[in-house]
Each structure stands twice: as C-alpha cells, then as structure tokens.
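J.: The sequence and its predicted three-dimensional model are supplied below.
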Amino acid sequence: MRGLNGVVSQARGWRALLAVLLLCTGMAFAQADDSQAQADATDPPARAARLSYVSGDLGLMPAGSTEWAAADVNRPLTNGDKLSSGPDARAELELGGAALRISNQTDLGILNFNDQIGQFELTQGTLSITVRSVDQGASYEVDTPTMALVINQPGTFRVDVGTNGNGSSVTVFDGGGIVYGENNAQREVFSGRSYQFGDSTLSDMTVSDIQGRDEFDAWSNDRDAQYASSNSTQYVSPDVVGSQDLNQYGDWQQDEDYGAVWYPTTVAAGWAPYSLGHWVWIGPWGWTWVDSMPWGFAPYHYGRWVYLHRRWGWVPCPPRVRPVYAPALVAFVGIGRGGPVGWFPLGPHEVYNPWYRASRNYYTNVNLTNIRIGRTINRETVVNNIHNQYGFYREGRAVTGVNYVNRDVPHAFTAVSAQAFASARNVHADQVRMNPQQFAHASVVAAAPVQRPSSASFGQPRAANTRPLPAAGFNRPVVAVRAPAANVAPAGEVHAPLRSNVRVLNVQPQNTPRVVSGQAFPRYGAPAQPQAAPRPAEPALPQVPHFAPAQQVQRMQQAPRYTPEQPQERQAPRYEPQRPEVQQAPRYIPQQPSIQQQQERERQIEQERFDAAQRAHQYVPRQQAPREVQPNPSYMPQQRPYQPPPQYARPEMARPAEQPHPQSAPHPAHAPPPGRNDNQH
C-alpha cells in the first residue's frame, strides 16, 4: 500500500510539473504572439502609389526632405510626399484599384497610404479620383480646407479647391460618398450632382446637376478608358501596379517551366533589368529602384526575372494572389569597403532578403506572393527556402549556399560608384565596368545598409529653368476624418513630433451604402440632411437616398462625354454620293468570283490568244488586242468566253458598231450569239 501511495504521489507530481510546463509554454507563445504583433505593426505597407503620368512642370517634395526634387515617372510615392503642378501641368498616381489625377496649379499631399487607407490632402487646385475596386473595410479620403470626402465604393469623383482656400466643391460622376465637416456634420453625395460647400459646417451648400465636363475631365476619362481596355489581367493580378503598360511595350509567351512570361520589345541589344534608371531613398523601405522605361514599374517591384532564349523575360506573380510591393527585387553584391555597389536581378524561385527590418509574416508574404510555382519547383520547397533564409535575415548575416541563376548571365551584373549610388545618379551614365573575375569572388551582402543615404538620396534635382516652389511645403490647414500617418524624418535623424496642418474632425465615420457603380439617384425626393440648408439665393436640388435604374446614369454621363462626336455622326449623309459607285460593283461579281480565279482565267485566255496568234502568225502584245485581234475570224470563237476586266467595261460599251464584241456589243444589226433572244436588244 505504501508503494502504491508512492506511485500515486509521483504521478501527481508529474501531472503538476506538466501543468507548469504547459503554462510556461502558453506564456511563451503568448509573448511570441505579442512580439510578432508588435513587429507586424512596424512592417512597411504592402502597396505604394506609382507616379504613372507627368506632363508639364511638376515638383516633388519627398518625405524626409526639405527640398523640391524632380518628379520622375515610375517613382513610388508614399506617406509624406507632396506634389505641386505648374500652370500647364498634369499628373496621375496609380494606386492599385484606383487612379488619382491632378490638374494644373494643384497642390497635393499623401497623408496616409497603406493596405486599407488612401488619404490625401488637397490644399488648392483640382483633383480627380476613379475607384475601380475597393475591399471591404478599405476607403479613400480627400481632405480639403472646408470638408473631407470619404469614398468606400467604386465611383468617379472630382474635388476643387480655390486658390484662396475658401470653399470646396465635390462633383460625383459615378458612385457615391460622404462629406464630413465641423460639429459632426455629415452629408451624402450622389451620382450626377455637384456640391459646393462654403464653410466647414456644411450649412452653406449649393447642389446642382452636372452641367458638362472640361478638358481635364475628358483627359481623365480617356485615361480611365485605357485602364479598362487593358487585357493583361489574364496573366497578372489586377493589384499589380503598372501592369496595364505591359501589353503595349512587350508580348506574352508560354513557357513549360514558368508559365506565362513577358518579354519587353523596346529594349536594345545587351540590355538587362535594373540597368536604366537610378536609386532613391524612400522610407520605410530605404533604397528603391526608379526605372527610366515607360513600362518600368511592375517588373521591378513584383515577380522575378529570368534569362530564356538569349533574352530577358519577366515572370509575374500568381494572377489570383494580391502581391506585396517590394522596393527592388535584387541581390546586392559587396565589392569591398568603400568600393562600388553592385547588384543583379533575382531569379524565378529565389528568396528576396530585404535591406530593411520586417517581421516573419512580412518576410514570408513578400516572397510567396511574388513567386509563381512552376513545373520544376513546388510550394513546399519554396516555403522551406524562405524559412531557412529567414534565420540569416533575422540575425543580419549574409545568406550562404545559394546558387543564384542570374549571377552569371551576360550583362546581369550592374555596378556604380558608392557616391553615384547614394546621389540618385543615372546608372547607365555612371556604370562601372567590373572585371568578371572580381565579380565572381564577390559575396552577396547581408541586410545591413548597403550605403548610408544623404540629402541627395531622395531624388534627382529639378531643372534650373523651372518655376520656384514653396520650400516650407503646404501650410494651409485642412480638415480630416482620420489622423494622418507619422511624417518620415530625414535620414539619420530621430522621428520628430508630428507637425501637420491637418485638423482631425471629431466625427465617427460611417459606412457609405454599397451601391452598384454606374447607378444614379432620382431627381426628386426627401432631403438626406434636412438640418443643412442651402444658400437662400440659389435653390438647391433635394438629396435623394434612393437609387434609380442604371439607364439614368448612362443618359446623364454619356451625353456630356460624347457630345463632341455627335456632329460627326450627323454629317454621315455627306458621303451618300459615293454609294452608287460602291453599288455598281456587284454587276461584275458573277464574272469575277475571286481575284485568284480571275488571274487564272486571264492566264488561260492569254495562252489561248498566243496559240491562236502563232497559228495565224499575227500575235501582237496584249495592249493592242482589243483593236487588232478581234477582226481575225479564227480568233473570234476564241473570245466568246472572255470576260473583260472591270476597268475596260465602260470603254468597250462605247465602241462603234463596226467593231462589235460577241458579248457586250448591243448593236441590233449583228446577229446575237446562239441561245440569245433578239427581243433583249
């Protein structure tokens, strides 16, 4: 019995010890989850805006800088960046599922841009935003000195702010949204209406129908049509920013190992990726590649490059997966302390090791979403490679034991001096020619900073003859629903407290009713916000919170859009005199079933004429056949099945009666061919 009690006591002790171990393990997992959650909160955003179009004088003040720089196409834009357009300038930002455009004399700032929020400030000028798709819980916000517009459904909107900042207007071409003001003022805006707000209380408001569209609206509409006509989504995810340019500058081909591969068709011989452009410092990612080619955004921030059939091709990410943006998918190579900085593009299945700090979740997602599983490799192998290399990345050590497929490809390696790299200089002009043996012994560097940034690392300088821009940025206050993201301090400095001109409203944002894009509201109904009265001098149209059939939108939107083309359609009767000439062609269709048959028939006739002329010793060139060969009796039976070409039909019908043609002569004095009726003449 004593032994049994000892066994029971020992078992109870083991159970108590196991409970303690489980408790400790649970606490360890909880601490790991908390640390992972904190790390996820500091991860960079999964998307960045692309400066996809620039026309005229456009200035850029990058986040963390106090000087205006050149606004280069394909530059990624993020929190804290500011744009200022000149008198004749226009610009477009591609956001992934949306496009934002600014007109001339416009100042725009990016307040917060991440996976769920796109928040912008408009201190003066004109802005147009088209939202093609938006996820549940995501939204776009435009903050002005008078009101804040929140959009969480597809639609097309225009926002105008005067040069003095007094008053703002919202024009809704399609969709709907909510406008917020002081004292928890909220007002819904509907399709087909234009709203003018005189102050931030939203009480001074004027509502009117859309009267028409100007040149900026027409240009924005044309840009939207280009996005809609792109068919690259069959190969690339629609969330890949810049994918609509691929079909215009390259072609797609199927490969048995990698699937669909895109090959650029506008590059010179000896070209390689990451060789035409420059490097800039963009927080929070750090060193970011800006390509000089018009299509050079998607292939450099998503997917992988491969060298096939003696040329470079881009392997996109999986088409049904939302990819994570990367500043540049390359591997940096160290040439020695203080030496040149070199790099080469990563291959289809190779792991990308960021040169900025990120969590395990980000490290895994930025690789998995940009690697397409092919025939030669499976998902499990890719996941194992990511897991193994993350240990090196977390400890800050260089990855070893990896055989990079693009390292020995001709022209794959590119290098510039450290000064040129850190000064955003053009890589092609400052490229350093390296000895292949020197490059062969160089190792891939770790995630430590490749080169420390300087004040010249934020962008290339503006041209000397451009207009002066305000050095202090945008100081005009704006109202906002959400607080903007923290500003990025200059490189090497501690983040300063948020100094912003944004005043956050004390409002609780609500979800805009989900509507079908393209439907409008009826003209009459109950006001949506009775407490907000319009101006007494101008009667305002009522606000109607109900939808009308989609045909009303087509009638309301398409008429202003296609008005310039209607006169051309009405002038179509001018071309009616040409129709009789076209209608005469069927008379000769039975005689000429096709061009090939006619040519074969003419060759046979020519041969018969030649044989007949040889027999009669009277052969003449074909040009004189209608005048000299017809009187020959031996030749006449030969011509019975001959059909003249259409161009000679009219002259033969006008010939004199003494030279009839057996088929076309209408003179009654000659006997008709057998089988014909004299009453027909």
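T.: Happy to help now that I have it. Numbering: from 1, shown residues only.

J.: so where is the chain shaky, pLDDT-wise?
T.: Along the chain, the parts satisfying pLDDT under 70 run over 1-41, 335-338, 436-441, 447-449, 470-473, 487-499, 510-594, 613-681.

J.: does Ser194 sit in a helix, a strand or a coil?
T.: Ser194 carries the three-state label strand when classified by DSSP: H, G, I helix; E, B strand; the rest coil.

J.: Surely it and Gly212 touch.
T.: No. At 10.5 Å, Ser194 does not count as touching Gly212 under the criterion of Cβ atoms under 8 Å. (C-beta placed from N, C-alpha, C; glycine too.)

J.: Compare neighbour counts for these two and give me the winner.
T.: Between Ser194 and Gly212, counting by other Cβ atoms under 10 Å, Ser194 is the more crowded of the two (19 against 9).

J.: and the more buried one, what is it in contact with?
T.: Contact analysis of Ser194 by Cβ atoms under 8 Å, 6 or more residues apart in numbering lists 169-172, 207-211.

J.: does the residue nearest to it when sequence neighbours are not counted sit in a helix or strand, and which one?
T.: Using Cβ to Cβ, 6 or more residues apart in numbering and skipping the chain neighbours, the partner closest in space to Ser194 is Thr171 (4.4 Å). Thr171 is part of strand 168-174, with elements assigned from DSSP states H and E.

J.: Okay, buried residues for the helix or strand following that strand please.
T.: Past strand 168-174, further along toward the C-terminus, the next helix or strand under DSSP H and E is strand 176-180. For strand 176-180, burial by neighbour count (16 or more other Cβ atoms under 10 Å) applies to 176-180.

J.: Restricting the selection to alpha carbons, write the helix or strand just after strand 176-180 to PDB.
T.: Using DSSP H and E, the helix or strand that follows strand 176-180 in sequence is strand 186-190. Output in PDB follows, covering the C-alpha atoms of strand 186-190 (Å, rounded to 0.1, in the frame of the first residue of the first chain):
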ATOM      1  CA  GLN A 186     -22.200  64.700 -42.400                       C
ATOM      2  CA  ARG A 187     -23.800  64.700 -45.900                       C
ATOM      3  CA  GLU A 188     -24.100  62.100 -48.500                       C
ATOM      4  CA  VAL A 189     -23.200  63.000 -52.100                       C
ATOM      5  CA  PHE A 190     -24.800  61.200 -55.000                       C
END
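
J.: Paired strands for strand 186-190, with orientation please.
T.: Within its sheet, and counting by DSSP bridges, strand 186-190 is paired with strand 176-180 (antiparallel).

J.: Quick one: residues in contact with the strand it pairs with.
T.: Residues lying outside strand 176-180 but in contact with it, judged by Cβ under 8 Å, 6+ apart, are 147-153, 155, 157, 170, 186-191, 195, 197, 202, 479, 481, 505, 507, 509-510, 512-513, 515, 521.

J.: what about Gly181, distance to Thr171?
T.: Using Cβ to Cβ, to the nearest Å, one gets 18 Å for the distance from Gly181 to Thr171.

J.: Check Thr233 too.
T.: Computed as Cβ to Cβ, the Thr233 to Thr171 distance reads 29 Å.

J.: roughly how far apart are the residue nearest to Gln253 when sequence neighbours are not counted and Thr376?
T.: Counting by Cβ to Cβ, 6+ apart, the nearest residue to Gln253 once its immediate chain neighbours are dropped is Val261, at 5.7 Å. According to Cβ to Cβ, Val261 stands 14 Å off from Thr376.

J.: swap in Val73?
T.: When Cβ to Cβ is applied, the distance between Val73 and Thr376 equals 36 Å.

J.: and if you look at Phe197?
T.: As for Phe197, its distance to Thr376 is 60 Å (criterion: Cβ to Cβ).

J.: So for the two, which residue has more residues nearby?
T.: Between Phe197 and Thr376, counted using other Cβ under 10 Å, Phe197 has the larger neighbour count: 23 against 11.

J.: hang on, that one packs against Ser168?
T.: Yes. Here Phe197 reaches Ser168: they are 5.3 Å apart, a contact under Cβ under 8 Å.

J.: Now for those two: what residues contact both?
T.: With contacts defined as Cβ under 8 Å, 6+ apart, the residues shared by Phe197 and Ser168 are 146-147.

J.: can you count the residues close to Trp289?
T.: Using other Cβ under 10 Å as the criterion, Trp289 is surrounded by 23 other residues.

J.: so after the host helix or strand of Trp287, what's the next helix or strand?
T.: Taking DSSP H and E as the criterion, Trp287 maps to strand 286-291. Under the assignment DSSP H and E, the closest C-terminal helix or strand after strand 286-291 is helix 298-301.

J.: Just the CA trace of that following helix, in PDB.
T.: What follows is the C-alpha trace of helix 298-301 in PDB, where atoms were taken according to Å, rounded to 0.1, in the frame of the first residue of the first chain:
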ATOM      1  CA  ALA A 298       5.500  46.300 -62.300                       C
ATOM      2  CA  PRO A 299       8.500  44.200 -63.500                       C
ATOM      3  CA  TYR A 300      10.800  45.800 -60.900                       C
ATOM      4  CA  HIS A 301       8.600  45.700 -57.800                       C
END
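
J.: and that helix, what does it pack onto?
T.: Under the contact criterion of 3 or more Cβ pairs under 8 Å, 6 or more residues apart in numbering; DSSP states H and E, the helices and strands touching helix 298-301 comprise strand 286-291.
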